[in-house]
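Peer 1: Need coordinates for the below:
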Amino acid sequence: MWPHDAPFVLTGAMRQPGMAGADGPANVLAAARVAASPASRGLGALVAFNDEVHAARWVRKSHSTSTAAFVSPNAGPVLRRTYSAPGSETDLQQRGLINGGLLDPYKARVLLRLLLAAGAEHDDVTAAFAEHG
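Peer 2: So this is what the prediction gives:
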């Protein structure tokens, strides 16, 4: 959803500044370094936490308190043409299903809500999911 060449780097902290091992300052420094790096150009939205950089497209929060709370798990894609029995993905797509591709359900829902709020038509939604999913 970030179409610019300049990177958009999101960060934060898992521990408050008064806590032992506060991670906020280190995360801000890492995010600034990532944003300033020529290697980050064209990568879109990124997440910098715990000395790791993740593509926003794949990252998810996996733990509520650990400083290593963000991960980019393997992406389990929606199948498109494996079989065509009634109720299969082929059958559902022929009936109008828009395939989410590699987007997890939460990110697919965010994309759909943004598209609908912008007044996107069915073909626009299909094209956006083909591009981003």
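
Peer 1: hey, let's count contacts and neighbours off CA atoms from now on
Peer 2: OK.

Peer 1: And what about Ala26, helix, strand or coil?
Peer 2: Following DSSP: H, G, I helix; E, B strand; the rest coil, Ala26 is assigned to helix.

Peer 1: Can you get me a residue count around it?
Peer 2: Using other Cα atoms under 10 Å, Ala26 has 16 neighbouring residues.

Peer 1: any idea how far Val125 is from Ala118?
Peer 2: Per Cα to Cα, to the nearest Å, Ala118 is found 11 Å from Val125.

Peer 1: I figured Ala55 was touching Ala48, is that so?
Peer 2: No. In this structure Ala55 lies outside contact range of Ala48 using Cα atoms under 8 Å: 9.0 Å.

Peer 1: Tell me which of these two has more neighbours.
Peer 2: More crowded of Ala55 and Ala48, by other Cα under 10 Å: Ala48, with 25 against 16.

Peer 1: can I assume the more buried one is in contact with Ala32?
Peer 2: No. Using Cα under 8 Å, Ala48 is not in contact with Ala32; the gap is 9.2 Å.

Peer 1: Strands along the protein, start to end?
Peer 2: 8-10, 45-49, 52-55, 60-61, 70-71 (DSSP state E).

Peer 1: Could I get these in JSON lines, plus columns for distance to Lys107?
Peer 2: Formatted as JSON lines, those follow (distance: least, Cα to Cα, whole Å):
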{"stretch": "strand 8-10", "distance to Lys107": "16"}
{"stretch": "strand 45-49", "distance to Lys107": "14"}
{"stretch": "strand 52-55", "distance to Lys107": "13"}
{"stretch": "strand 60-61", "distance to Lys107": "10"}
{"stretch": "strand 70-71", "distance to Lys107": "15"}
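
Peer 1: Alright, that wraps it up for me.
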